[in-house]
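**Student:** Here you go, sequence then predicted model.
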Amino acid sequence: MYQVELLVSLKIPDVTALTAANTLRRRMGYEGVLDRLERADYFLFEVEAATPDEACAVVRDIAEHTNLFVNPNKHVFEVRPRQERAGLARSDGVYLVNCLVRSLQYDPGPGLVASLHRLGHEQVRSISTGTLWTLHLRVEGEARARGITQSIAITTSRSQGLLMNPHYQTCEVY
Amino acid sequence: MSKPRVALIQFPGSNCEWETKRAAEAAGMACDIFRWNRDADLLAEYDGYLIGGGFSYQDRIRAGVIATKEPIVDRLFSEVVDRGKPVLGICNGAQVLVEAGLAPGLKPGEVEMALAPNRPHPEGRIAGFCCRWVYIKHIAPPGRCVFTTQVPEGEVIPIPIAHGEGRYTTRTPEVIEKLRENRQIVFQYCDAHGNVSDDPEVSPNGAVDNLAGLCNPEGNVLAMMPHPERASFLRQIPTDLAGDWSRRKLEAMGNALAMAEPGPGLAVFVSMRDSLLARLASMAGR
């Protein structure tokens, strides 16, 4: 069994990510700190396969041919083995921090698996879903980058936090 | 005494302004549509506030959250919390109030709940947007909430809902206990006979405690997912509902004047008007 990530994002500018970035900069003080904000629909597949490459090929085939996850008219996608949660990537003084937001209570994954089984993709054992935000942060130090991402993510009050509501969502920063 | 003045706050993506204004005016209030990017200090000129339904900022990130970061919500917060003025949030307005920490308002400003996506189908299919008529029961005691002074305790109201994110939930069970203890639960979903139930046909979004509307401890904030403005005139009532309202609609059919008579939702706006008149009279008497 291998874990494979499918990331689906828009071909055109993502207005949700732009609005979030605009709010963070204009209203919440992250001007000069938040360089860029990206968003993707996130699907984590568990696939029965002989090798990681074979598992990725299964997910790529699903993404290209089922119309369940990707509409080629408006989406681009990336398939990759599940990323290890290692240190943050950094280039030109900017940290790239991932923030994966998932629902605590309901996940459409089982319904998607059932649909895939009806389509003959029985190698897929499970799917979990979420929204993957990638923050490009111009700050000193990895700990600071992680701390700012937590603050941006978790909504605790009307003035603090934006990307998830902890009463029904959870987030993983990596 | 002149009519109470209320501001109906319009965000980009609001879409129920005109019918909400019409209901407020039918109830005897003067209502201005107040754009979110006007000078927020002008809000102080109004006696109370409405935030109607729609999709503020296209529900980007999640319903209501972007709007709460706008300066107008800061001003609204101080008018409501510091000065005790009333605010009614309907549907997207309720989502804004919850994300702004005005509802349930146990600790004003803190986000104590969420209006999460509706409960999915038991087979795992996404529930999505739910648009239909339901029944709600007024369970708050008399005078508990300024928006239901004209609604008897136990009254069952037919009313439409139209939302994809209307499931009241919290990760803090103490919040729900406190809401019960404080009698802040104003409306619960129920059947036509007033029986409260978890049945998805009755409680369509899976809200904790079948919550359809709740107020803050002071009773001057009401966040409700159903749309009272869409049930404010007899002409808006479907004829196939169980109960008295459909019968009245059928009896009135063909009579335009009778069709303009109040529907069950108007009581929310009339209650607001009465509360504002009492508040204004009290302030004038000081």
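**Tutor:** Great, that's in hand. Residues are numbered from 1 along each chain as shown, chains lettered A, B, ... in the order given.
**Student:** So which residues of chain A form strands?
**Tutor:** Secondary structure of chain A (DSSP state E): strands at A:2-10, A:34-47, A:75-81, A:89-91, A:94-103, A:124-137, A:169-173.
**Student:** which helices and strands does the first one pack with?
**Tutor:** To tie it back to what came earlier, the one meant is strand A:2-10. strand A:34-47, helix A:52-65, strand A:75-81 (3 or more CB pairs under 8 Å, 6 or more residues apart in numbering or on different chains; DSSP states H and E). (Each C-beta comes from the backbone N, C-alpha and C, glycine too.)
**Student:** which one of these is the most hemmed in?
**Tutor:** When the helices and strands packed on strand A:2-10 are scored by mean count of other CB atoms under 10 Å in any protein chain shown, the highest mean neighbour count falls to strand A:34-47 (a mean of 21).
**Student:** And the strands of chain A: which comes nearest B:A24?
**Tutor:** B:A24 sits nearest to strand A:169-173 of all those, at 34.4 Å, using CB to CB.
**Student:** Three-state assignment for B:A281, please.
**Tutor:** Of the three states, B:A281 takes helix according to DSSP: H, G, I helix; E, B strand; the rest coil.
**Student:** Confidence-wise, which helix or strand of chain A is lowest on average?
**Tutor:** Every helix and strand of chain A was ranked by mean pLDDT, DSSP states H and E. The lowest is strand A:89-91, at a mean of 85.
**Student:** partners of that strand, with directions?
**Tutor:** Strand A:89-91 has the following strand partners under DSSP bridges: strand A:94-103 (antiparallel).
**Student:** Can you dump the C-alpha atoms of the strand it pairs with in CSV for me?
**Tutor:** What follows is strand A:94-103 as a C-alpha-only set of coordinates in CSV (Å, rounded to 0.1, in the frame of the first residue of the first chain):
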residue,chain,number,x,y,z
VAL,A,94,11.5,33.1,1.6
TYR,A,95,10.2,30.0,3.5
LEU,A,96,7.6,27.9,1.8
VAL,A,97,5.2,26.6,4.5
ASN,A,98,2.4,24.2,3.8
CYS,A,99,-0.8,24.3,5.8
LEU,A,100,-3.1,21.4,5.2
VAL,A,101,-6.7,22.1,6.4
ARG,A,102,-9.1,19.2,6.8
SER,A,103,-12.5,18.7,8.2
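**Student:** and that strand, average pLDDT?
**Tutor:** Mean pLDDT, computed over strand A:94-103, is 97.
**Student:** Then stretch B:145-156?
**Tutor:** 97.
**Student:** What about A:E31, how many residues nearby?
**Tutor:** By other CB atoms under 10 Å in any protein chain shown, the residues close to A:E31 number 9.
**Student:** quick one: the residue nearest to B:A27 when sequence neighbours are not counted from B:H227, how far?
**Tutor:** Distances taken as CB to CB, 6 or more residues apart in numbering or on different chains put B:F269 closest to B:A27, at 3.5 Å, once the chain neighbours are dropped. B:F269 is 12 Å from B:H227, where distance means CB to CB, to the nearest Å.
**Student:** Of these two, give the one with the bigger neighbour count.
**Tutor:** Neighbour count, other CB under 10 Å: between B:F269 and B:H227, B:F269 has more, with 28 against 23.
**Student:** need the residues of chain A near chain B, please.
**Tutor:** Where chain A comes near chain B, counting by CB under 8 Å from any CB of the partner chain, the residues are A:15-16, A:19-20, A:23, A:27-28, A:103-106, A:108-111, A:114, A:155-159, A:161-169.
**Student:** I'd like to know which of those are buried.
**Tutor:** Buried residues within those, defined by neighbour count using 16 or more other CB atoms under 10 Å in any protein chain shown: A:16, A:19-20, A:23, A:28, A:103-106, A:108-111, A:155, A:157-159, A:161-169.
**Student:** which residues in chain B form strands?
**Tutor:** Along chain B, the segments classed as strands by DSSP E run B:5-10, B:30-35, B:48-51, B:87-90, B:114-116, B:130-138, B:156-163, B:167-169, B:185-190, B:211-215, B:221-224.
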